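In: Quick one: sequence and predicted model below, then my questions.
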Amino acid sequence: QVQVVESGGGVVQPGGSLRLSCAVSGVGLNVYTTGWFRQAPGTEREWLSYTASDGTTYYEDSVKGRFTISRDMDKNTVYLQMTRLNPEDTATYYCAADPLGGTHILAFQYWGQGTVVTVSA
């Protein structure tokens, strides 16, 4: 059974950085695509980035250059390094996994419970 568990959320000041982790179990990262989404209160869940099974990475334009997705194959864990954070980045961040994946929530079958990121002075 595939399980996805996020961690690393917290409170950070504007301009700061934070790294989120996504531990995947039950399937190897060389087989599944793993993605990051976020959802702010009152808004729809939006796609941020994903890394395909072959390691190719993709980013939504608004986070390109600020967020970096990476993976540790030994730990079967995917990371989202976030820099130059601003209050608009405040949201619950979700990790998801799927054999194919994509840029929409319907493209991912397995989801974590989310980790909260708050950007505030």
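Out: Sure, I can see it.
In: Does residue 108 touch residue 96 like I think?
Out: Yes: here residue 108 reaches residue 96: they are 3.6 Å apart, a contact under CB atoms under 8 Å. Any C-beta I mention is one placed from the backbone N, CA and C, and that applies to glycine too.
In: For the residue nearest in space to the middle of the chain, give me the pLDDT.
Out: Nearest to the geometric centre of the chain sits residue 36, at 2.5 Å (CA atoms, centre = their mean). Residue 36 is assigned a pLDDT of 98 by the prediction.
In: counting contacts, what elements does the helix or strand harbouring it pack onto?
Out: Secondary structure from DSSP states H and E places residue 36 in strand 33-39. Judged by 3 or more CB pairs under 8 Å, 6 or more residues apart in numbering; DSSP states H and E, the packing partners of strand 33-39 are strand 18-25, strand 46-51, strand 67-72, strand 77-82, strand 91-98.
In: Helix, strand or coil: sort out residue 106 for me.
Out: helix (DSSP: H, G, I helix; E, B strand; the rest coil).
In: Relative to residue 45, how far out is it?
Out: 11 Å (CB to CB, to the nearest Å).
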